[in-house]
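> I'll drop the sequence and a predicted model, then ask my questions.
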Amino acid sequence: METVTFILRQMLNFAIPLLIVALGSMFSSRGGVINIGLDGIMIMGALTSVTFLRFTESTMSGQSQLMIALLISVGTGVLVSMLHAFASINLKADQIISGTALNMLAPAFSVFAARLFLGDSIINFKNTFIIQEVPVLSQIPVLGDIFFTKAYITTYLGILILIISHFVLYRTRFGLRLRACGEYPQAPDSVGIDVIKMRWIGVLISGALGGLGGLIFVVPNSTNFNGTVSGYGFLALAVMILGQWQPVKILYAALFFGMLKTLSATYSGIPFFNTLGIPGNYYKLMPYLITVIVLLLGPKALAGPKAEGQPFEKGMV
Amino acid sequence: MQHITKRFPRIIANDDVSFALRKGEIHALLGENGAGKSTLMSVLFGLYRPDDGKIFVKGQEVRINNPQEANRLGIGMVHQHFKLVQVFTALENIVLGVETTRNGVLQMNEARQKVDALSKRYGLLVDLDRKIQDMSVGMQQRVEILKMLYRDSEILVFDEPTAVLTPQEIDDLLKIIKELAKEGKSIIFISHKLNEIQQVADRCTILRKGRYIATVDVAGTTNEQLSEMMVGRKVMLEVKKEEAQPGDVALRVEDLVVKAEGISKLNKVHHVSFEVRKGEIVSVAGVEGNGQAELVMAITGMLPATSGKLYLNGIDITNWTIRQRNFGYISHIPEDRHKHGLILNFNLANNFILQTYFADQYSANGFLKNKEIYTRAKELIQRFDIRTAQGPDTIVKNMSGGNQQKAILAREMDREHELLVAVQPTRGLDVGAIEYIHEQLIRERDNGKAILLISLELDEVMSVSDRILVMFKGQIVADVLPQDVTERELGLYMLGTKVEA
Amino acid sequence: MKKTLLGILGNNAFGNTVASLVSIVLGLAVGLVVMYAFNPSGAWPGFVTMLQGGFSDGARGIGQVLYYTTTLILVGLSVGFSFQTGLFNIGVIGQFTMGAYVAIIIGGKLTMPGSIHWLVAILGAAVAGMIWAFLPGVLKAYAKVSEIITTIMMNYVALYWVNQLVFDTHYEKSTVMSAYVKKTALMPKMGFDTLFPGSSVNSGLLIAIIVAVFVYILLYKTTFGYGLRACGANREAARYAGINENRNIVVVMLISGLIAGLAGGILYLSAITKNYKISELFINEPGYGIPVALLGISNPFGVIFASLFIGYIIIGGSLMQGYGFPVETVNIITAVIIYFAAFSLIFKNMLNRVVLRESFKDTTEKKPRRVGLTWKR
C-alpha cells in the first residue's frame, strides 16, 4: 500500500507539468499556431524562477516563496512566447522554424546565464515546498494519502488549470472565438473578430503555462536546475496530440505518460516490475513510441485544428 | 457612396464610383470580374480605405474602418464563399462575434430563441444544432442569411449568391430576398446573371473597368441593354460555331462506379455509361457534388474505378496509371488551377513539362534537357499569347489568373491527346478570356478531338456543347441536345425532379 | 544596365544570399549584446576571439573547423534535402544517433581489413538512418500524419534506445561512454593529418562534399529530382501530373535519413577518442542541421558555405572560454540566426516585389494587372 501511494504521488508529480504544458500547447494550437518551442519556454521559465528561489532562499521559504516563483515563471514564459507569436503571427514565418529557434536558444542561454551570473551552470536551490499533510483532508482514506500527504501545491494548481481550461474553451465567448480562429480564421475575421489578437492570446497562454510548467517540472522532482527539462516540452506535444486537443483527454494522456515516467524511475524498487527485468530506458521511450503507434493506427481522430500552422492573411472578405 | 476612388499600385480599381441604395429596395450591382464590384464592397466594409469619396448611411457621413464597424451600422454580407466554421453548429456560427454572455459565460438559449423567431418570420429553415459540414449548400446559405438578420442588419449584401445553387434553389432564394425587402431591408444584389437581376431587382447599377456606367430601372431595360453597358460592346450571346461532325467513338464509359475520395465508402458515381465521339463537345451539367468531380477523376486516373470499364479509341484504359493516360491519350484542364494545374513556385518552362518531363524530348539518361525545355516554352508562350514578365523564367505565381489559365491550356493542347477533359475552364475569368477559351475548345473539336466539358454554368453548357449530359446523385439522368432543351428543363433534371423518359 | 541590375536582384540565389547574410549579421549583433549584458569587460575581446575562429590556432584550428564542417554539411544536407521537397525532417537527430550506434557496433565488434572496415561501418550507419526515417515517411505519405510530430517522437525513441543498446552491447564503465572502436574502422586520414596536424579532419570531408554535389545534381539536373521538387512544391499538382507523390515522399525521407545516418557514422569514426556518451541530452552536432539548411537556403553549395561559417564560429566559441564565456554562447547566436532566418522570407518577398514592380515598368504589357482584387478566394 505504501509503495502504491508513493507511485501514485510520484506519477502526479510527473504528470502535472505535462498536463499544464500540454494545455498551454492546446490553447496555441486551437488558435491556429503550433508551438513546438515549448521545451525552450519551459527552460526559460524554470531558469528565472529557480534563480529567484536561489537568491531568496536566505530570506524566504515555503509557499509564499513558491508563489512568487510561480508568477515569475509565468511572466518569463509570456515574454519568451512573444518572440514566437511575433514571428509566426505578424511576420507569418514558418512556425516550426521559429519554435526550433526557441528550443535551441533556451538551453544555451540557460547555461550561459547561470555560468556568468552564478558561476556555475547548475543552479541549486532549497526545496522547502512540500506539504507533509493537509489538515483534515489527509485523513480521507486512500485519496488523502495520494493527494493530501507529502503533496505540492502545484498539483492543485494543475488541476485548477485543467478545470479552467475546459471551461474557458467550451463555455466562454473567448473559447468559441479561439476555436473558430484555429479552424477557419476567415469566418471570425468576417464578423469583425481580430484573428491576429486571438492568436496572440493563444500563444501567450501557451507561454504562460509553458513557463509555469518549467518550474513545476523542476520543483517537486529535484533541488537543482541544469538547463534542461528532459524533453518535457516535446512530451507535452505528444500528450496534446493523444489528448486530441481536448482538456479532459489531455489529462488522461498526461497521467498515462506520468505513469510510464514513474516506472522508468522507480521500477527497480517495485518487485513486480523488477522481476520483469525491463530496463528503465524502455519505460522512458515508451510514451514517444506509443504516440507514433497511435498516429499510425488512428490518424483520423488526431487531425487537429484545420488551420493549425497556417499563417493568416487579413483582408480577405 | 459618393465619388469613391480606390487606387492600387498598378490599377485604379474604383474611379469616381457613386452608388445609392434606397430603403426597402433591391439594388443589383452588375459588372464583369474585375469591374470593381468587389473593391466597392470592400470599401463599404472598411477593408480598403478609399483614396477619395464619402460614404453616407441614413444621411449621416460615416467612416468605416473594419467589417465590425460596418456591422454596427447595420450592413451585413452573404459571401460567395461562406464564412462558416465547418465543425461548429449553425447556432454557434450565427452568434460568433456577437455572443450573448453573462459574466463571460456563453448564453446560447437566449440566442436560440431569437434565431428561432427570425427563421420563422422569414421562412428560413435551418437545423440549428447541425454542424455546417453536414449541411447542404442551400442550408449553409440560409445560415449566412440568419447571421446577418441576427445582427439586425438593415442593408444586406448578397455577393453572387446564386453561383452555387440549382435553379430551383435560386427560386427559393430570390423569394426570400423579396420577402426581406418587403420587410423593409435594403438589399444589394451582386451578380452578372441578367435573368436573375430582371427577376428580383428594382434598380441596377453597372460598373465597367472600375468606372461607374449607369444606374437604371430594371423594369424599363432589356437584357441586351444591360449586357452592352456591362461589357462596353455588343456581346456575342451565342458562341459562333459550325455544326459538329462527330466521328468514331473516342471515350466510352461503361457501367462505371466510383467511390468518394478518402476512406468514405460512399458511391459517388453509380453505374454511369456514355460515349464521347471525335469532333464533339459533350458537357456534363449538374449541381456541384453530384459526382461530376469523381467522374472526371476516374477518367483521368486520379481515382480508381470501383467497377465498370473505360475505353479510349477502343482500348481498355480502366487500369492505366495517370501517367499512361496523360501520355498521348488524355489532356486535362483541372477545376482548380492553383491546386492541381500549376506549380506556382516553379517557372513557366518547368510548368510546361509537368506531365512530360521524363519524355525523350526533354530528358536523356535521367537528366533534364534544359535547352529543349526552354525552347519549347518560348514557342508555347508565343503561340498562345501568354503575357509574361520574364518569358519562360517567369514564376507562375506572379502571373494573372487569365494568363495562368492560358498556360494550362497551352500545355494541355500542346500535349498529344485524343480526349480533352475541361473542368470549369472559364471559372473566374473575364469575358475576353472566356471567349478565347471557348474558341480554342471549338477549334479543338473541329480538329477532330473529343472534348468532355464539365461546367456549372448553364450558359456555357448551352452555348458551347454539342450534347449535354446531366448528372444527379451520381447518375446520368439526361442525355439531350442543347437545341432541344431549355435552361429551366436542365435545372429540373439537375434537381432530379425530371427524369428523361 | 538597369536590366542587369534587376536580373541580379530578381535572381533567387542573390536574394537568398542577402537574406542569409542579414540573418548572420543580426545573429552576431544580438550575441554581442547578450555578452555585453552579462560581462561588459570581456565581451568585445571574447567576440573578436570568436570571429577569429579557426584562424587563431594555425593549421590545427583550420583542421578542426573542417572537422566540424564535415558533420555540419551532412546534417545540413539532410535537413535541406527534405526542405527542398516540401518536408521538414526534424528527425535528423534520431537518424544520426542510430547511424552513430550502428557504426560503433560494426567498428567495435566486427573484424575486417582496414581498407573496407570503415566503409562497411559508415554504410551500415547510412542504412540505419534510412530505416529510422522510413516510418515517418510512410506515415506522411499514406496517412497524412505530420512528419514533424513523428520525427520528434522518433528522436526520443532513438535517444533512449541507443542509450540502452550502448549500455548493453558496447559499454566502457570507466568513461560512461561507448567502448572504443577498432583502428581499422576509423575514417582514413588521406593526408589530412599531415596538412592539418593535430586536428581530427579526415576523409569524411571529401565524402560530405561528394554527397553535396550528388544531391545538387540529383535535385536540379535529373528527372527524378524534378519529380521530387514538384511533389515538394505542390503535392496535388504532382498527383494530377501522374507523379507518384506518395512514393516520392517516402523516397525523400529515406534519402534524408540516409545522409543523417551517414553523418552519425562518420563523426563517431573520426577519432579513437570520439565515443558515444550515455546521456539524457541529444548529441549536439545534428542540432545544427536546421540552421545550416536555413542559412544555406537548402541549396547544396549554400549548405557547404553555411557549414564552414558555423563550424568556424563553433571553434571560435570554444576559444572564448578564456574570457569566461561558455561554448553555449555560439548556440545562442545560432538560435538567433535561425530566428531571423525564419522570416528572411519576408525580406526576400519584399525584394521580389520591388523587382516585379520595376520589371513591369519595363515590359510593354498594356493590360493592367488586377492586383488587390483577389479578395474572393
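Yes, it's here.

> look up the closest residue to residue A:95, ignoring the ones flanking it.
residue A:88 (4.3 Å; CB to CB, 6 or more residues apart in numbering or on different chains). The C-beta positions use only the backbone N, C-alpha and C, and glycine is treated the same way.

> report how many residues lie close to the one you found.
As a burial measure, residue A:88 scores 28 neighbours (other CB atoms under 10 Å in any protein chain shown).

> dump the residue contacts of it.
Under the criterion of CB atoms under 8 Å, 6 or more residues apart in numbering or on different chains, the neighbours of residue A:88 are A:33, A:94, A:95, A:98, A:99, A:203, A:311.

> among those, which lie within strands?
Among the contacts of residue A:88, no member falls in strands (criterion: DSSP state E).

> what's the most distant pair in those residues?
Greatest spatial distance among the contacts of residue A:88 (CB to CB): A:94 and A:203, at 14.9 Å.

> picking that back up, with residue A:174 as the reference, measure out to the residue nearest to residue A:95.
20 Å (CB to CB, to the nearest Å).

> before we move on, what about residue B:349?
According to CB to CB, residue B:349 stands 50 Å off from residue A:174.

> number of nearby residues for residue 103?
Assuming you mean chain A. So residue A:103, with other CB under 10 Å, has 23 neighbours.

> not quite, I wanted chain B
Residue B:103 has 6 nearby residues by other CB under 10 Å.

> okay, it and residue A:168: tell me how far apart.
13 Å.

> just to be sure, residue B:213 is in a helix?
No: with DSSP: H, G, I helix; E, B strand; the rest coil as the criterion, residue B:213 is assigned strand and is not in a helix.

> and the residue lying closest to it once chain neighbours are set aside, what are its bridge partners?
In this structure, residue B:213 finds its nearest non-sequential neighbour in residue B:206, 4.3 Å apart by CB to CB, 6+ apart. Taking DSSP bridges, one finds residue B:30, residue B:214 as the beta-bridge partners of residue B:206.

> buried stuff in stretch C:271-281?
Under the neighbour-count criterion of 16 or more other CB atoms under 10 Å in any protein chain shown, stretch C:271-281 has C:271, C:274, C:275, C:276, C:278 buried.

> go on, stretch C:317-331?
Here stretch C:317-331 shows C:317-320, C:323-331 as buried, counting by 16+ other CB under 10 Å.

> how distant is it from the center of its chain?
22 Å (CA atoms, centre = their mean, to the nearest Å).

> any idea how far apart the tips of it sit?
End-to-end distance of stretch C:317-331 (CA to CA, to the nearest Å): 9 Å.

> swap in stretch B:94-104?
End to end - CA to CA - stretch B:94-104 spans 18 Å.

> what's the answer for stretch B:215-222, then?
Terminal-residue distance, stretch B:215-222 (CA to CA): 14 Å.

> list the buried ones in that stretch?
Across stretch B:215-222, burial judged by 16+ other CB under 10 Å covers B:216, B:218, B:221.

> avg pLDDT for that stretch?
The pLDDT scores in stretch B:215-222 average 86.

> now tell me what touches it from outside.
B:19-20, B:28, B:197-198, B:201-206, B:225-226, B:229.

> and for stretch A:289-297?
A:238, A:241-242, A:302, C:135, C:139, C:143, C:145, C:149-150, C:153-154, C:157.

> which of the helices or strands spans the residue lying closest to residue C:74 once chain neighbours are set aside?
Using CB to CB, 6+ apart and skipping residues adjacent in sequence, the residue nearest residue C:74 is residue C:263, 3.5 Å away. If you go by DSSP states H and E, residue C:263 is part of helix C:245-268.

> report the buried residues of the helix or strand containing residue A:182.
In this assignment (DSSP H and E), residue A:182 forms part of helix A:173-183. Neighbour counts over helix A:173-183 (16+ other CB under 10 Å) mark A:173, A:174, A:175, A:176, A:177, A:178, A:179, A:180, A:181, A:182, A:183 as buried.

> and it, what does it pack against?
helix A:2-30, helix A:153-171, helix A:186-190, helix A:195-221 (3 or more CB pairs under 8 Å, 6 or more residues apart in numbering or on different chains; DSSP states H and E).

> can you say which of the ones you listed is packed in most?
Highest mean neighbour count among the helices and strands packed on helix A:173-183 (mean count of other CB atoms under 10 Å in any protein chain shown): helix A:195-221, with a mean of 27.

> what's the angle between it and helix A:153-171?
Our comparison of helix A:195-221 with helix A:153-171, counting by axes from the mean of the first three to the mean of the last three CA atoms, to 10 degrees, yields an angle of 160 degrees.

> show me what helix A:195-221 is packed against.
By 3+ CB pairs under 8 Å, 6+ apart, helix A:195-221 packs against helix A:2-30, helix A:38-56, helix A:62-85, helix A:153-171, helix A:173-183, helix A:186-190, helix A:232-242.

> centre of the chain to that helix, how far?
With CA atoms, centre = their mean as the basis, helix A:195-221 stands 7 Å off its chain's centre.

> quick one: contacts for the residue in chain A that chain B sits nearest to?
In chain A, the residue that lies nearest chain B is residue A:192 (2.6 Å; CB to the nearest CB). Applying CB under 8 Å, 6+ apart, we find residue A:192 in contact with B:66, B:67, B:68, B:69, B:71, B:97.

> turn those into TSV, including pLDDT, secondary structure and distance to residue B:109.
Putting the contacts of residue A:192 into TSV (pLDDT from 0 to 100; DSSP: H, G, I helix; E, B strand; the rest coil; distance: CB to CB, whole Å) gives the following:
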residue	pLDDT	secondary structure	distance to residue B:109
B:66	79	coil	30
B:67	77	helix	27
B:68	78	helix	25
B:69	83	helix	29
B:71	83	helix	23
B:97	87	coil	18
